[in-house]
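Peer 1: Based on what follows, work out the 3D shape:
(chains A, B, C and D)
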Protein chains: 2
Amino acid sequence: MVSERGLAVLRAIVQDYVSTREPVGSKSIVDKHHFGVSAATIRNDMALLEDEELIAAPHTSSGRVPTDKGYRVFVDQLADVRPLSSAQRHAIEIFLGASVDIDDVLSRTVRALAQLTHQVALIQYPSVSRARIQHLEFVALAPRRVLTVLIADTGVVEQRVVELGVDYDEAALRALRDAANGTLVGMPMADAATTLPTIVDAFPESARPLVGELLGSVAGIIGATKQERLIMAGTANLVRTEHDFTGSIFPIMEAIEEQVELLKLFSEMAAEQHGVVGNRDVSVSIGRENEPFGLAETSVLTTGYGAAGGAVARLGVLGPTRMDYSTNMAAVRAVARYLSRALGDQA
Amino acid sequence: MVSERGLAVLRAIVQDYVSTREPVGSKSIVDKHHFGVSAATIRNDMALLEDEELIAAPHTSSGRVPTDKGYRVFVDQLADVRPLSSAQRHAIEIFLGASVDIDDVLSRTVRALAQLTHQVALIQYPSVSRARIQHLEFVALAPRRVLTVLIADTGVVEQRVVELGVDYDEAALRALRDAANGTLVGMPMADAATTLPTIVDAFPESARPLVGELLGSVAGIIGATKQERLIMAGTANLVRTEHDFTGSIFPIMEAIEEQVELLKLFSEMAAEQHGVVGNRDVSVSIGRENEPFGLAETSVLTTGYGAAGGAVARLGVLGPTRMDYSTNMAAVRAVARYLSRALGDQA
DNA sequence: ATTGGCACTCATAGGTCCTGAGTGCTAGTC
DNA sequence: GACTAGCACTCAGGACCTATGAGTGCCAAT
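Peer 2: The predicted structure follows:
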């Protein structure tokens, strides 16, 4: 079993290794941290930590480096999440200050997070499918051509141009708009999708083809997978930390750009964290845990965000396993709160 | 002066260096290309090319490498633009096949271009300010809250939520919509912006505050700089070509992500190319020419695109100066044509 | 104008040696 | 039982040397 001091040694190793990228030796530990014991004692503790596979030696006779498991213990038990400095808070506020629409808010937020953490920052686009309908509109563009606009209560606006097989008149569009809004406004998307067909019944036979086509476009918007995407910033930071990866960062960058695997990881983390609150609200996936997503050697920190408590989606950062977890977790949490508040303000 | 054969030697050096990344020596030239002369003769030609600063030797006694100036001559005089293979054309068509809206078209296009060239691909978002108005809509969301939607003939839809200082009724919104559309549809954005204030005059005194606020939001959308942005793909490719840069690619990636400098370069290239058509429709900016934009050591190839001949914006690729200009120019041109056609189809 | 020949350059790769940080272990101390 | 001092051992990395060979510039000959 690992002693109390043993864990303190692990913490010291993680901290030193993160800040210097050099394997940490027993001597440098007694120098920098004031344990009241000699290097030999530390060495004994380190041997124990090595037995537990919390640390490892890159070469037979060199200092030690935390393993994925070591980082895991550090994050779960040892990391102190220190709050951001007031300068940092100030920076966030400046960044998010004058945002006009939701895309603007998100892109400013993601850039702020990247700047704060010096890592790749990620924001999952607020999923239309998890929001509620705020308004529907059908805009006459040309004969047989209508623009369907769906506005979610998250502030997200989705639109699609529909080529109709039948003619329409503006009165019919208005009638449909009023009927659809009357029924659907405030409804979660999932319910709305099932309710859509029932609206058709309220219309006279003659109008049904038109109504059917238009409501179909609404269903298309709701069902579209398009909204499952990530906004990102700071990918250049991966290059900065290139030396922390054994191989090339090329496959990692590809995976990030591809988004698909990353989205899977995001939703997995969301599922895992369901119900977790309080101090451990930032969930962390470390190194080999990410291997199925092509992201071994990276760590991903995420947390949920969303107006009024309900988590609409997640945001977080990605970087090498050798990263400053304490600071980054604090940044992720703080930014999520700012974003949630900003969304609450405008929605 | 550089002889006819001298230029052929330059072409050979560029081609060999691009494909091998090794400095090219006189012997390897006579081996691979069948000039009917000896290595010594080639050496004389190379000395001449070096005097003209078209090639340079990295070390006193090693093969030669093209300079920026050498690439420039190659691109302007020596590159044969070979058309894409049918497999490549097919790939593009598959990629762009089932696109639903303009964002989808653009993101598929940019990914296709990245895949085709193995470089960073860039598409300037079709500028609203250079398009014409197709439709305006004001959507009632809540008391004192209206969504203004502007649809451009490029298919771009921009929207903004307006918080009103006065109440409105739906009839007023409809009246304004009809009046505004009657006046503005088909008008270039720039003209529309100046015409907007005159619309107010047609309304009775009592409606003017409302009309003023709403038209102001339209002006805001038209004037917003937001639309000046780039969509990109394949940034991972920059990592792949990392060895082609003397320093770190970190600052380059930062500049790309920042977009600002890149947009300046794009508009500069657009200005330069004004009126150029035919075989030289892809413009190329090489190496040190990009220094003011923080992009020394990179080359940028761009061309205009847009429905119905009018260039709405530009697209292109960015990569190390050591790139396959022939192939990439062909890809940029082909993709621009496909995109223009796709936009024509739907707009 | 072109070529064969030749002396010269110099980056790279491989080999050897040395140094020093760091380890594990053992025997001794509190 | 916990800690410590001492010591032999390991091994990555740097310094230094040498050999190799691709490539050059130049000159005299064709």
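
Peer 1: What ranges in the stretch 1-150 of chain A fall below the confidence cut-off?
Peer 2: Residues of the stretch 1-150 of chain A that meet the criterion pLDDT under 70 lie in A:98-100.

Peer 1: Ok, the stretch 201-347 of chain A next?
Peer 2: Looking at the stretch 201-347 of chain A by pLDDT under 70, you get A:224-227, A:274-280, A:308-311, A:345-347.

Peer 1: Quick check: the residue of chain A nearest DNA strand C.
Peer 2: residue A:25 (2.9 Å; C-beta to the nearest atom of the strand). Where you see a C-beta, it was placed from the backbone N, CA and C, and this is true even at glycine.

Peer 1: how many other residues sit next to that residue?
Peer 2: 20 (other C-beta atoms under 10 Å in any protein chain shown).

Peer 1: count of neighbours near the closest residue to it other than its chain neighbours?
Peer 2: Leaving aside its chain neighbours, residue A:25 sits nearest to residue A:63 (3.9 Å; criterion: C-beta to C-beta, 6 or more residues apart in numbering or on different chains). If you count neighbours by other C-beta under 10 Å, residue A:63 ends up with 21.

Peer 1: give the contact list for residue A:63.
Peer 2: For residue A:63, the contact set (C-beta atoms under 8 Å, 6 or more residues apart in numbering or on different chains) comprises A:22-25, A:28, A:57.

Peer 1: go again using 10 Å as the cut-off
Peer 2: A:13, A:16-17, A:20, A:22-29, A:46, A:55, A:57 (C-beta atoms under 10 Å, 6 or more residues apart in numbering or on different chains).

Peer 1: Can you flag which of the residues you listed belong to helices?
Peer 2: A:13, A:16-17, A:20, A:26-29, A:46 (DSSP state H).

Peer 1: could you flag which of those residues are buried?
Peer 2: Neighbour counting by 16 or more other C-beta atoms under 10 Å in any protein chain shown classes A:13, A:16-17, A:26, A:28-29, A:46 among the ones in helices among the contacts of residue A:63 as buried.

Peer 1: all helices for the stretch 51-200 of chain A, in order.
Peer 2: For the stretch 51-200 of chain A, the helices defined by DSSP state H, counting those that start in this stretch cover A:68-73, A:86-96, A:102-117, A:170-184, A:189-201.

Peer 1: burial of residue A:19, as a residue count?
Peer 2: If you count neighbours by other C-beta under 10 Å, residue A:19 ends up with 10.

Peer 1: which SS state does whatever residue of the stretch 201-347 of chain A ends up closest to DNA strand D fall under?
Peer 2: Per C-beta to the nearest atom of the strand, residue A:243 is where the stretch 201-347 of chain A lies closest to DNA strand D, at 11.6 Å. Three-state assignment for residue A:243 (DSSP: H, G, I helix; E, B strand; the rest coil): helix.

Peer 1: Chain neighbours aside, what residue packs nearest to it?
Peer 2: Excluding the flanking residues, the one nearest residue A:243 by C-beta to C-beta, 6+ apart is residue A:21, at 7.1 Å.

Peer 1: And residue A:257, by the same measure?
Peer 2: Using C-beta to C-beta, 6+ apart, the closest residue to residue A:257 is residue B:236 (5.7 Å).

Peer 1: my guess is the one you found contacts residue A:255, does it?
Peer 2: Yes. Between residue B:236 and residue A:255 there is a contact under C-beta atoms under 10 Å: 8.9 Å.

Peer 1: neighbour count winner among the two?
Peer 2: Per other C-beta under 10 Å, whichever of residue B:236 and residue A:255 has more neighbours is residue B:236, with 23 against 20.

Peer 1: before we move on, the earlier item: closest to residue B:91 out of the ones in helices among the contacts of residue A:63?
Peer 2: For these, the minimum distance to residue B:91 (C-beta to C-beta) is 45.3 Å, reached by residue A:17.

Peer 1: That closest one against residue A:66, yeah?
Peer 2: Yes. At 6.1 Å, residue A:17 and residue A:66 qualify as touching, with contact defined as C-beta under 10 Å.

Peer 1: what is in contact with the two at once?
Peer 2: Joint contacts of residue A:17 and residue A:66 (C-beta under 10 Å, 6+ apart) are A:24, A:55, A:322.

Peer 1: Most neighbours of all those residues, which one?
Peer 2: Neighbour counts for those, by other C-beta under 10 Å, peak at residue A:55, which reaches 25 neighbours.

Peer 1: so what's that one bridging to?
Peer 2: In this entry, residue A:55 is beta-bridged to residue A:66, by DSSP bridges.

Peer 1: one step back: tell me, what's touching residue B:236 and residue A:255 both at once?
Peer 2: Contact criterion C-beta under 10 Å, 6+ apart; residues shared by residue B:236 and residue A:255: none found.

Peer 1: got the angle between the longest helix along chain A and helix A:86-96?
Peer 2: Longest helix in chain A by number of residues (criterion: DSSP H): helix A:325-346. Going by axes from the mean of the first three to the mean of the last three C-alpha atoms, to 10 degrees, helix A:325-346 is angled at 40 degrees with respect to helix A:86-96.

Peer 1: Could you name the helices and strands sitting against helix A:325-346?
Peer 2: Packed against helix A:325-346, as judged by 3 or more C-beta pairs under 10 Å, 6 or more residues apart in numbering or on different chains; DSSP states H and E, are the following elements: helix A:4-20, helix A:86-96, helix A:102-117, strand A:120-124, strand A:283-286, strand A:298-305, strand A:313-320.

Peer 1: Recalculate using a threshold of 7 Å.
Peer 2: Packing partners of helix A:325-346 (3 or more C-beta pairs under 7 Å, 6 or more residues apart in numbering or on different chains; DSSP states H and E): helix A:86-96, helix A:102-117, strand A:298-305, strand A:313-320.

Peer 1: So which of these is nearest chain B?
Peer 2: Nearest to chain B among the helices and strands packed on helix A:325-346 is helix A:102-117 (7.0 Å), distances taken as C-beta to the nearest C-beta.
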